[in-house]
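In: no letters, just coordinates:
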């Protein structure tokens, strides 16, 4: 009898989703699907508002990565104004984006994924959370919390608030950085960098033990998309975009937001609200590509900071060309934390960061603009069309999590085939499948909405949709 | 004293924690006030340094605007999600990771509507002065309570 195994909701991700694993008569996996079960439709809220308001409005899309939306939106607004940013404004937006990446990556690694890495996929589910981590290794948990706090404090210094700051505006930012603010960030930087490098070492010592995960967690050839500087170095804001293939060869380079967006199309499936973006020249689904920390490290020629470059060289030993396993999102995330902290320190050491020339003033000069930022989870596009008064008439948001949708589905299918045999499964089996999604650190809040929490329930359905088995973590 | 008001400002009466926190920050500049969407682990750092912690949240109930005051005991409760800890779990973080679990209270206000995009209901809006009075009542009373004493749940309005 054909059966369907359902994981609903997926836990320790930002938002709501479920996974169904479809079994054939022999109990072998024939398909696996990642369903996003919420619909938000944020674009429609924005029509009729002025484009100058958009950084504030769109930062409300997400409580985890509001900064990414704020600065992508401001970038789109810069295009509509048709202005060049003052140097200090661009640098400050880069600093706040990197601070956000540090705090978000710390959340992903320490709060969401470390319970699996520290306590094991088969550990007691009741203890397999951040509180369990705090009990098992208080120092590890303490340092993770303080690292995330560094990123949040830096965002608060720059943006005035740690969540939903309203500081970036079309044309620049609405307040310069003060000497006192710069010093507050710099004084906390050494501890944060020490924690980041120690955690990277901690993770690398465990790599051998996780080789089975690295082989099975979405280990597949795809394209990768990431932002780079003019010299090809890693960049997260104000750069150009680059696609590379699974061998690491450059497919398209130095793309503006407009040029990159023109290469991406979106497919839909009836069983999920999340669309399936793909690289248009290769068609659907052959144009599958990945974004986020793994993609960025695969796309960049170098990091451009000493500690991160040394780590990147070691990281690249994992692949022939690009590093293909989605398990290594964790590894890439930790390298990006090191990079982000080094880069923040370098930019804050430049006295020009304190310039009070942080806003270019203009009115609407263009009818359309595409803004881009590298959010923690990947490349984020904000595309607006405005009328003669600057009122928004059309909005399209291409979110990082959506761009990983094809790859996430492929990853859970690969994992399910490895761990589900003859229709038999345990809680640990299900957690491994979930962990495959968790490696991507999806943010469903960005694409939909997140409310509340539910216990994990797994149901077995036969070919007629009847429930023939049930497993709950509460039972 | 550290006061943490939490909830979603986009979901009607769930925003009462924010509203109370903002009102208190205006009235009592000597108090450390945090307004946040959810309780996250890094708040444990501030909690460990605070002599007294008061959480302010909304709750479901039949009497919109009704204010409850509870002393938090040592039960950590469910860890829930990493961006949605319970106050008691956060206090356990503080104790385990930063060596201190200060006395703490939870003040909740029964809400009427929690729809996306809704404003505070009139009943809950009118309860905010009472929430501020409750915070100050807790502040006065905490000085008289022995450490570790768990006060029974108060289901009537507190004596302002």
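Out: Cool, got the structure. Given the structure is predicted, the values throughout are model-derived calculations rather than measurements. Numbering: from 1, shown residues only, chains lettered A, B, ... in the order given.

In: quick one: pLDDT of residue 64?
Out: If you meant another chain, say so; for now it's chain A. Predicted confidence (pLDDT) at residue A:64: the value is 69.

In: my bad, chain B
Out: Residue B:64 is given a pLDDT of 93.

In: so which strand or helix has the residue most central in space within chain B?
Out: Centroid-nearest residue in chain B, with Cα atoms, centre = their mean: residue B:55, separated by 1.8 Å. Using DSSP states H and E, residue B:55 maps to strand B:53-59.

In: pull the helix or strand with minimum mean pLDDT from chain A.
Out: One helix or strand of chain A scores below all others by mean pLDDT, DSSP states H and E: helix A:444-447, with a mean of 46.

In: can you list the domains in chain A?
Out: A:3-41+A:405-472, A:43-360 (automatic domain parsing).

In: and the ones you listed, which one is worst for confidence?
Out: domain A:3-41+A:405-472 (a mean of 68).

In: related to what we said a few turns ago, hmm, the strand holding residue B:55 in reach of chain A?
Out: No: with Cβ under 8 Å from any Cβ of the partner chain as the criterion, chain A is not reached by strand B:53-59; the gap is at least 13.3 Å. (C-beta placed from N, C-alpha, C; glycine too.)

In: what about that strand, average pLDDT?
Out: 96.

In: for the helix or strand just after it, packing partners?
Out: For strand B:53-59, the following helix or strand on the C-terminal side (DSSP H and E) is strand B:67-71. If you count contacts as 3 or more Cβ pairs under 8 Å, 6 or more residues apart in numbering or on different chains; DSSP states H and E, strand B:67-71 packs onto strand B:104-110, helix B:122-142.

In: which of the ones you listed sits closest to chain A?
Out: Among these, strand B:104-110 comes nearest to chain A, with 16.7 Å by Cβ to the nearest Cβ.

In: quick one: the strands in the stretch 301-450 of chain A?
Out: A:368-375, A:378-386, A:392-398 (DSSP state E, counting those that start in this stretch).

In: can I get those strands in JSON lines with mean neighbour count?
Out: Listed next are these as JSON lines, based on neighbours: other Cβ atoms under 10 Å in any protein chain shown:
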{"stretch": "strand A:368-375", "mean neighbour count": "26"}
{"stretch": "strand A:378-386", "mean neighbour count": "26"}
{"stretch": "strand A:392-398", "mean neighbour count": "18"}
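
In: in CSV: these, plus distance to residue B:130 and mean pLDDT.
Out: Below are those laid out as CSV (distance: least, Cβ to Cβ, whole Å; pLDDT from 0 to 100):
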stretch, distance to residue B:130, mean pLDDT
strand A:368-375, 41, 97
strand A:378-386, 43, 96
strand A:392-398, 41, 93
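
In: for the residue of chain B positioned farthest from its centre, which three-state class applies?
Out: What lies farthest from the middle of chain B is residue B:117; by Cα atoms, centre = their mean that is 22.5 Å. Remark: residue B:117 carries the secondary structure label coil [criterion: DSSP: H, G, I helix; E, B strand; the rest coil].

In: ok, now which ones touch it?
Out: residue B:10 (Cβ atoms under 8 Å, 6 or more residues apart in numbering or on different chains).

In: over to residue A:292?
Out: A:329, A:332, A:376, A:377, A:378, A:400, A:404, A:440, A:441.

In: what helix or strand is the nearest residue to the third one once chain neighbours are set aside located in?
Out: Among residues not flanking residue A:376 along the chain, residue A:104 sits closest, at 3.7 Å (Cβ to Cβ, 6 or more residues apart in numbering or on different chains). Taking DSSP H and E as the definition, residue A:104 sits inside helix A:87-106.

In: enumerate the positions of that helix that are buried.
Out: A:88-106 (16 or more other Cβ atoms under 10 Å in any protein chain shown).

In: what of stretch A:195-211?
Out: For stretch A:195-211, by 16+ other Cβ under 10 Å, it's A:195, A:196, A:197, A:199, A:200, A:202, A:203, A:210.

In: stretch B:56-64 too?
Out: Per 16+ other Cβ under 10 Å, stretch B:56-64 contains these buried residues: B:56, B:57, B:58, B:64.

In: surely the residue nearest to the centre of chain B meets residue B:6?
Out: Yes: under the criterion of Cβ atoms under 8 Å, residue B:55 makes contact with residue B:6 at 7.0 Å.
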